[in-house]
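Enquirer: just need the structure, nothing else, for what follows:
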Amino acid sequence: MAVSHELQADIVIIGGGLGGCAAALSALQSRKTVLLTEETKWIGGQITNQGVPPDEHPWIESFGATRSYRTFRKKIREYYLTNFPVKNTERINDQFNPGSAIVSKISHEPRVALRVLYDMLAPYISNGKLTLLSEYKIITAETEQDYVRAVTVQHSSSGNIYHLKGKYFLDATEIGDVLPLAGVEYVIGAESQDETAEAHAPKDSEPFNMQAFTYCFAIDHIDGENHTIEKPAQYEFWKNYQAEFWPAKQLSWWGVVPHTLEPIEYSLFYEPNRFSLWNYRRIIDKNNFEQGTFQSDITIVNWPQNDYWLGPIIDVTEEEKEKHLYNAKQLSLSLLYWMQTEAPRSDGGKGYPGIRLRKDILGTEDGLAMYPYIRESRRIKAQFTVKEQHVSGELGGKESATYFPDSVGIGSYRLDLHPSTGMNTYIDFSSHPFQIPLGSLLPIRVKNLLPASKNIGTTHITNGCYRLHPVEWNIGEAAGHLAAYCMDHEILPHEVRHKEEKLKDFQSRLVKAGIELEWPKIHKI
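Expert: Numbers count the residues shown, from 1 in each chain. Reported below is the predicted structural model:
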């Protein structure tokens, strides 16, 4: 029988992803009490329950991230060096990369990130300043004029309900779940050129045109063994499916180079002159550890072949959402089955039956991530919206991104949009290292709700560079500090931005906390 409880804290954070965890840490370090909820069993969002190793810019080891994010990365390395038989040759490497991945300088197992996040939050859980509610999803929100007064969350299996009250509410969910429930103005999908004047925006607005999402999974390979899964129900469909903008069947070794759209042939394992998908998001390189520690490398499958773009899961009926989530899972399982049974091998044979689905890596019965990798969320209608022209590296004569005097952090990534539900191919072009303007964290109307994830004031286009791990962390951390600052000074968030003295004071607080507000002079990527 479901039981209802009431809890209260200074700050209520809905969503325990990277942004939510960073927001909780900064609020707790500011001596505020926090309620943090998470829909799945694991906090950490894209780096844990979605199974995506860090995607970061080239300078991440030296600068371009907050101090707390760098602490998080450092603790991940320390965890391996303390608990794993890492080779001595790797122990002297101050940039030890457990997976030696192409995409990341610190590719690692989701469970290690989960452990480190819990360790960082542990003192506050123990002293009662932080209450963490796992497997709780928001179901309602109570508002009064321009304020959120409370939210209700429900446990996924027991049905137990918590009524959460606070002074500030942060939406750190993966798809902006709080926004519609709290009546916060927001946008979805692609804005029109008339709305944004962006060169890469469509002529007309396309609200249900959103980037693909992906169900990631982990595999290793035990040569000589057969780990072939049961044939997925939709295998024949996915085996024969080919989008008009794709050069081959979805289940093939072919894709496109995102920034040129030229066809490219991948390889599974390393082959000269081919891009190795195995090495792409590898989270364990067995050669980094003492012999016999691992039977095989372990890699995450988050590849072009399992991007799902046949329909959105935001602002559709529950039936439609569940259909697309199921289809996306079937695509990922079909990719696995195809690799095990029919994928062309370099020796002329077919299939790699030794590929083993590592269900334990992501902690689920089906072996797929607990939550799909979400690239695009609902986004607040903000007091300031970051547009392509603010950050693009393609605009002639523009040597840097637009300078934002209200900066609350920085980030860097290409404007990288995956194929979308509007049946559009990649949009991928260079950007300048950019700032995160405070105005993009401020809803146009609601006073005490802040975005703390991928739901800030960006467009469909600029979301493509503001959605990665260190930027999401920075957004959440800044939001936590902002809520705490406003409570300390009895001031509203929009007043911080518009009162020069308060803005400078708040930015000074961020700098002391280790948040960089400006980039040194470096080149676009």
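Enquirer: biggest helix in the protein by residues?
Expert: helix 318-341 (DSSP state H).
Enquirer: who are the packing partners of it?
Expert: Applying 3 or more CB pairs under 8 Å, 6 or more residues apart in numbering; DSSP states H and E, we find helix 318-341 packed against strand 213-214, strand 217-221, helix 235-240, strand 298-301, strand 307-308, strand 355-357. Every C-beta, even on glycine, is put in place using the N, C-alpha and C of the backbone.
Enquirer: mind doing that once more with 6 Å?
Expert: Judged by 3 or more CB pairs under 6 Å, 6 or more residues apart in numbering; DSSP states H and E, helix 318-341 is in contact with helix 235-240.
Enquirer: next SSE downstream of the helix it packs on?
Expert: strand 254-256 (DSSP states H and E).
Enquirer: list of residues touching whatever helix or strand comes next after that following strand?
Expert: Next in sequence after strand 254-256, counting helices and strands by DSSP H and E, comes strand 263-267. Residues from elsewhere that reach strand 263-267 (CB atoms under 6 Å, 6 or more residues apart in numbering): Pro247, Trp253, Trp254, Gly255, Val256, Val257, Arg274, Phe275, Ser276, Leu277.
Enquirer: so how far is Trp238 from Leu368?
Expert: Using CB to CB, to the nearest Å, one obtains 15 Å as the distance from Leu368 to Trp238.
Enquirer: and Glu244, by the same measure?
Expert: The gap separating Glu244 from Trp238 is 16 Å, by CB to CB.
Enquirer: could I get the buried residue list for the longest helix of the chain?
Expert: Neighbour counts over helix 318-341 (16 or more other CB atoms under 10 Å) mark 321, 324-325, 327-341 as buried.
Enquirer: what does stretch 223-239 give?
Expert: Of all the residues in stretch 223-239, those buried under the rule 16+ other CB under 10 Å are His227, Thr228, Ile229, Pro232, Gln234, Tyr235, Trp238, Lys239.
Enquirer: which parts of the stretch 351-500 of the chain are strands?
Expert: Here the stretch 351-500 of the chain has its strands, by DSSP state E, counting those that start in this stretch, at 355-357, 379-380, 407-411, 415-417, 427-429, 434-437, 449-451.
Enquirer: I meant the stretch 101-250 of the chain, not that one.
Expert: Per DSSP E, counting those that start in this stretch, the stretch 101-250 of the chain carries strands over the ranges 130-134, 136-144, 147-155, 161-171, 186-187, 213-214, 217-221.
Enquirer: dump the ones you listed to TSV, plus mean neighbour count and mean pLDDT.
Expert: As requested, those are arranged in TSV below (neighbours: other CB atoms under 10 Å; pLDDT from 0 to 100):
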stretch	mean neighbour count	mean pLDDT
strand 130-134	19	98
strand 136-144	17	98
strand 147-155	19	98
strand 161-171	23	98
strand 186-187	22	98
strand 213-214	26	98
strand 217-221	23	98
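Enquirer: closest to Arg115 out of the ones you listed?
Expert: Taking CB to CB, strand 130-134 is the member of the strands of the stretch 101-250 of the chain nearest to Arg115, at 14.5 Å.
Enquirer: strand partners of that closest one, parallel vs antiparallel please.
Expert: Counting by DSSP bridges, the strands paired with strand 130-134 are strand 34-38 (parallel).
Enquirer: which two among the contacts of strand 263-267 are spaced furthest apart?
Expert: Among the contacts of strand 263-267, Pro247 and Ser276 lie farthest apart (CB to CB), at 19.0 Å.
Enquirer: tell me how far stretch 445-460 lies from the chain's centre.
Expert: Centre-to-centre, stretch 445-460 and its host chain are 15 Å apart (CA atoms, centre = their mean, to the nearest Å).
Enquirer: and for stretch 396-410?
Expert: Relative to the chain's own centre, stretch 396-410 is displaced by 23 Å; criterion: CA atoms, centre = their mean.
Enquirer: what does stretch 5-24 give?
Expert: Relative to the chain's own centre, stretch 5-24 is displaced by 17 Å; criterion: CA atoms, centre = their mean.
Enquirer: okay, the residue lying farthest from the centre of the chain: pLDDT?
Expert: Distance from the C-alpha centroid of the chain, by CA atoms, centre = their mean, peaks at Gly348 (37.8 Å). Looking at Gly348, its pLDDT is 92.
Enquirer: try Gly397
Expert: What the model reports as pLDDT for Gly397 is 69.
Enquirer: over to Val3?
Expert: 69.
Enquirer: how about the strands of the stretch 351-500 of the chain in CSV, adding distance to Ala101, mean neighbour count and mean pLDDT?
Expert: Output for the strands of the stretch 351-500 of the chain, formatted as CSV (distance: least, CB to CB, whole Å; neighbours: other CB atoms under 10 Å; pLDDT from 0 to 100):
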stretch, distance to Ala101, mean neighbour count, mean pLDDT
strand 355-357, 18, 24, 98
strand 379-380, 29, 27, 98
strand 407-411, 20, 25, 98
strand 415-417, 17, 23, 97
strand 427-429, 20, 20, 97
strand 434-437, 24, 25, 98
strand 449-451, 29, 30, 98
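Enquirer: possible to save those strands as a markdown table with distance to Ala478?
Expert: Shown next, in a markdown table, are these (distance: least, CB to CB, whole Å):
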| stretch | distance to Ala478 |
| --- | --- |
| strand 355-357 | 38 |
| strand 379-380 | 14 |
| strand 407-411 | 4 |
| strand 415-417 | 22 |
| strand 427-429 | 26 |
| strand 434-437 | 7 |
| strand 449-451 | 9 |
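Enquirer: which ones are touching Arg282?
Expert: Counting by CB under 6 Å, 6+ apart, Arg282 has contacts Gly99, Ala101, Asp297, Thr299.
Enquirer: one more time with 8 Å, if that's ok
Expert: Residues in contact with Arg282 (CB atoms under 8 Å, 6 or more residues apart in numbering) are Gly99, Ser100, Ala101, Ile102, Ser107, Asp297, Ile298, Thr299, Ile300.
Enquirer: report the buried members of the residues you listed.
Expert: Gly99, Ser100, Ala101, Ser107, Asp297, Ile298, Thr299, Ile300.
Enquirer: and these, which is closest to Ile283?
Expert: For those, the nearest to Ile283 is Gly99 (4.2 Å; CB to CB).
Enquirer: and that closest one, how far is that from Asp505?
Expert: 42 Å.
Enquirer: from what I can see Ile361 touches His108, true?
Expert: No - in this structure Ile361 lies outside contact range of His108 using CB atoms under 8 Å: 11.0 Å.
Enquirer: quick check: neighbours shared by those two?
Expert: With CB under 8 Å, 6+ apart as the test, Ile361 and His108 both reach Ile283.
Enquirer: for the closest residue to Lys454 other than its chain neighbours, what are its contacts?
Expert: Nearest non-adjacent residue to Lys454, counting by CB to CB, 6 or more residues apart in numbering: Ser377, 4.3 Å away. Ser377 is in contact with Thr173, Glu174, Ile175, Gly176, Ile314, Ser453, Lys454, Asn455, Asn463, counting by CB under 8 Å, 6+ apart.
Enquirer: quick one: these as a markdown table, columns for neighbour count, pLDDT and distance to Asp55 too.
Expert: Shown next, in a markdown table, are the contacts of Ser377 (neighbours: other CB atoms under 10 Å; pLDDT from 0 to 100; distance: CB to CB, whole Å):
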| residue | neighbour count | pLDDT | distance to Asp55 |
| --- | --- | --- | --- |
| Thr173 | 30 | 98 | 20 |
| Glu174 | 25 | 98 | 16 |
| Ile175 | 24 | 98 | 19 |
| Gly176 | 27 | 98 | 21 |
| Ile314 | 20 | 98 | 22 |
| Ser453 | 30 | 98 | 15 |
| Lys454 | 29 | 98 | 13 |
| Asn455 | 30 | 98 | 18 |
| Asn463 | 23 | 98 | 14 |
